[in-house]
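# What would the 3D arrangement of this be:
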Amino acid sequence: MPRGPARPFSVAPMMDWTDRHYRRFVRGLTRRALLYTEMVTAAAVLHGDRERLLGFDEVEHPVAVQLGGDDPAALAEAARAAVAWGYDEVNLNVGCPSDRVQRGRFGACLMAHPEVVAEAVRALRQAVAVPVTVKHRLGIDDLDGDAHLHGFVAALVDAGVDRVVVHARKAWLEGLSPKENRTVPPLQHERVVALKRAFPGLRVETNGGVRDLDAVRAHLRTVDGVMVGRAAYEDSFVLAGVDAAVFGEEARPSRAEAVAAYLPYVEARRCAGTPLPPLVKPLIGLARGARGGRSWRRTLSEGSVRPGAGPELIERALAALPDEVRDARPDAAAAATPVGATADGVGSRASRSARPPTA
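This next block holds a predicted model:
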């Protein structure tokens, strides 16, 4: 059986976004979603400033650390360090297609080397007691057929992986930028569903292009979990409906309540010397598409860089929002039939040993 609880909803690890400030703010919107760090390399954890790389607030739980690397021993040591800091899960990045990551021989290029990834998973499983998961693509370059994908996942299952998170696009390692690789290759969520059917005892999570909770609920009918990326920062208020729609809880916080929960953290970090702009950044998308949203974004973006700006800037921007925007709550109807709150998901009682055809 896989280790750890089911994770029907998560916010994707995103460089330059899912830092400790963002995660602390998001906890005012959802208490149940699994959050991730930005990717941090094993070498950075072993030789860098661990407080800066791994530090987090206790209210961020459940929170996973995403590691990058291809050396099983180094990954295992980094995982032990992360778990000592209190992380609930260790995730291995096998999806990033950037040139820098490829030069380090990790990320998406490892999809061409399933034996390396499997050995890393074995080392991680032996090193820590928390779940070990892998985030990967459907394929890379010309290695993008189901035979390769299923063979890759079979190797991970043999190594003891607890869950796979599949970005439902292939990656082109040459010819496309990381940004283009998030949008140009077509989404193929149906292939993730087929992967789940081939491995009914494995927890399988899908990721890519999911913009709202209706789409989340639809995906949860066929896979065990859904990971949301860009929508979680571009229109962060969507997260306020997660606990009700996915987990069946009553919490549906307003924008005002989410900001109020975050302000004490902002004040504490400011007193510790953190500049205001990175503390304001997580708030930018909170009023996207709402009346007064452009003014909200402009007030925060422009005001946070002015000398002497402090938490009162956020309070002033919030007060300027129309009442119906500031105090609005997610639609209660979305919580009528929650999906994925208690079960492991599709096929949760089936054997982990099921194997797909390889040709």
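
# Please list all residues in contact with L75.
Applying C-beta atoms under 8 Å, 6 or more residues apart in numbering to L75 gives the contacts 42, 67, 69, 92, 120, 123-124. Every C-beta, even on glycine, is put in place using the N, C-alpha and C of the backbone.

# The same query, at a cut-off of 6 Å, please.
By C-beta atoms under 6 Å, 6 or more residues apart in numbering, the contact list for L75 reads 42, 67, 69, 120, 124.

# and the gap between the residue lying closest to G293 once chain neighbours are set aside and L276?
Spatial nearest neighbour of G293, chain neighbours left out: A287 (3.8 Å); criterion: C-beta to C-beta, 6 or more residues apart in numbering. A287 sits 18 Å away from L276, going by C-beta to C-beta, to the nearest Å.

# Tell me the helices and strands packed up against the helix or strand hosting L156.
Using DSSP states H and E, L156 falls within helix 146-159. Counting contacts by 3 or more C-beta pairs under 6 Å, 6 or more residues apart in numbering; DSSP states H and E, helix 146-159 is packed against helix 114-127.

# One more pass at 7 Å, please.
Applying 3 or more C-beta pairs under 7 Å, 6 or more residues apart in numbering; DSSP states H and E, we find helix 146-159 packed against helix 114-127, helix 189-198.

# what residues does the next helix-or-strand element following it touch?
Following the chain from helix 146-159 toward its C-terminal end, the next helix or strand by DSSP H and E is strand 163-167. For strand 163-167, the external contacting residues (C-beta atoms under 7 Å, 6 or more residues apart in numbering) are 2, 7, 95, 131, 133-138, 153, 156, 192, 195, 202-208, 227.

# Tell me which of the residues you listed fall in helices.
Mapping the contacts of strand 163-167 onto helices (DSSP state H) picks out 153, 156, 192, 195.

# Nearest to T299 among those residues?
V192 (40.2 Å; C-beta to C-beta).

# thinking again about what came up before, if you count surrounding residues, which of A287 and L276 has more?
Higher neighbour count among A287 and L276: A287, with 26 against 21, using other C-beta atoms under 10 Å.

# Might one say that the more buried one is in contact with R294?
No - using C-beta atoms under 7 Å, A287 is not in contact with R294; the gap is 8.5 Å.

# List only buried entries from the contacts of strand 163-167.
For those, a neighbour count by 16 or more other C-beta atoms under 10 Å gives the buried set as 2, 7, 95, 131, 133-138, 153, 156, 192, 195, 202-208, 227.

# Just the element for V101, please.
For V101, the element it lies in under DSSP H and E is helix 99-103.

# Disregarding residues adjacent in the polypeptide, which is nearest to G55?
Distance criterion C-beta to C-beta, 6+ apart; nearest residue to G55, sequence neighbours excluded, is R20 at 6.4 Å.

# Please report how far the one you found lies from A33.
Using C-beta to C-beta, which is the criterion applied here, R20 is 16 Å from A33.

# Same question for E51.
Distance of E51 to A33, computed by C-beta to C-beta: 25 Å.

# out of the two, which sits in the more crowded spot?
Ranked by neighbour count (other C-beta under 10 Å), E51 and A33 place A33 first, with 23 against 8.

# tell me the centre residue of this protein?
Geometric centre of the chain, nearest residue: A12, 1.9 Å, by C-alpha atoms, centre = their mean.

# mind checking the backbone torsions on it?
phi -60, psi 150 (degrees, to the nearest 10).

# Identify each of the strands in the stretch 1-150 of the chain and give its residue range.
9-11, 35-36, 40-41, 63-68, 89-94, 132-137 (DSSP state E, counting those that start in this stretch).

# Show me what the first one is packed against.
Meaning strand 9-11. For strand 9-11, the packing partners by 3+ C-beta pairs under 7 Å, 6+ apart come out as strand 35-36, strand 225-228.

# Deepest in the core, which of these is it.
The highest average neighbour count among these, using mean count of other C-beta atoms under 10 Å, belongs to strand 225-228 at a mean of 25.

# Strand partners (parallel or antiparallel) of that one?
strand 9-11 (parallel), strand 203-207 (parallel) (DSSP bridges).

# Of all these, which one is nearest E257?
Per C-beta to C-beta, nearest to E257 of these: strand 9-11, 18.7 Å.

# List the residues that contact the nearest residue to G285 once chain neighbours are set aside.
Leaving aside its sequence neighbours, G285 sits nearest to S236 (C-beta to C-beta, 6+ apart; 4.6 Å). Counting by C-beta under 7 Å, 6+ apart, S236 touches 29, 285-286.

# One more: A258?
Applying C-beta under 7 Å, 6+ apart, the residues contacting A258 are 28-29, 240.

# for K170, same thing?
By C-beta under 7 Å, 6+ apart, the contact list for K170 reads 137-140, 144, 185.

# can you check A320 too?
Residues near A320 by C-beta under 7 Å, 6+ apart: 292, 295, 299.

# of those residues, buried ones?
Counted by 16+ other C-beta under 10 Å, the contacts of A320 give 292, 299 as buried.

# The contacts of A320 in strands, which ones?
Using DSSP state E, no member of the contacts of A320 sits in strands.

# Great, nothing more from me.
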